[in-house]
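> Just the structure for this:
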Amino acid sequence: MTDPSPPPTATERGRRFFLFPPPDEPGARMKMIVGLLAGMAISGLVWGVLFDRVNGWVLLALIGGKVVTAILCLTAPRSRPLGQGLLASIAVGCWIFLIKLCGSMGGVGG
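Numbering: from 1, shown residues only. Purely as a prediction, here's the structure:
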């Protein structure tokens, strides 16, 4: 019989999951959902309230603010799932923007 292989070391595990290792702590999935929902709420609020006054600064503040906050969260291991949720909310925010844009073009071409 052969001896079972030893468990992987920390560096071997780090190679498999270079950027986003799987969460080890309980509640990590909930943190990601909170980050996603918070980012969606911010996008919905901005696109719902400021849609008529959208310019480059609003886009920069919304998307740039989410990216910077997500990167800061990703650097801390305990808040990494929150940052992942914020990054995912950028894509959802784009869908919110497109839905709002298409809804505002109702009378065109009629």
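
> Could you export stretch 28-38 as PDB, CA atoms only?
Provided in PDB are the C-alpha atoms of stretch 28-38 (Å, rounded to 0.1, in the frame of the first residue of the first chain):
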ATOM      1  CA  ALA A  28     -19.000  34.800   2.800                       C
ATOM      2  CA  ARG A  29     -21.800  34.000   0.300                       C
ATOM      3  CA  MET A  30     -24.100  36.400   2.200                       C
ATOM      4  CA  LYS A  31     -21.400  39.200   2.000                       C
ATOM      5  CA  MET A  32     -21.200  38.700  -1.700                       C
ATOM      6  CA  ILE A  33     -25.000  39.000  -2.000                       C
ATOM      7  CA  VAL A  34     -25.000  42.100   0.200                       C
ATOM      8  CA  GLY A  35     -22.300  43.700  -2.100                       C
ATOM      9  CA  LEU A  36     -24.300  42.800  -5.200                       C
ATOM     10  CA  LEU A  37     -27.600  44.100  -3.800                       C
ATOM     11  CA  ALA A  38     -25.900  47.300  -2.500                       C
END
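
> Can you give me the buried ones in that stretch?
Ala28, Lys31, Met32, Gly35, Leu36, Ala38 (16 or more other C-beta atoms under 10 Å). From N, CA and C alone the C-beta is placed, and that goes for glycine too.

> Now find how far off-centre that stretch is within its chain.
9 Å (C-alpha atoms, centre = their mean, to the nearest Å).

> How about stretch 26-43?
8 Å.

> what's the average pLDDT for the longest helix anywhere in the chain?
When the chain is parsed with DSSP state H, its longest helix is helix 80-104. In this model, helix 80-104 carries a mean pLDDT of 88.

> cool, and stretch 49-63?
84.

> Could you list the buried residues of that stretch?
Here stretch 49-63 shows Leu62 as buried, counting by 16+ other C-beta under 10 Å.

> any residues touching that stretch, and which ones?
With contact meaning C-beta atoms under 8 Å, 6 or more residues apart in numbering, stretch 49-63 is reached by Ile42, Ser43, Val46, Trp47, Ile90, Gly93, Lys100, Ser104.
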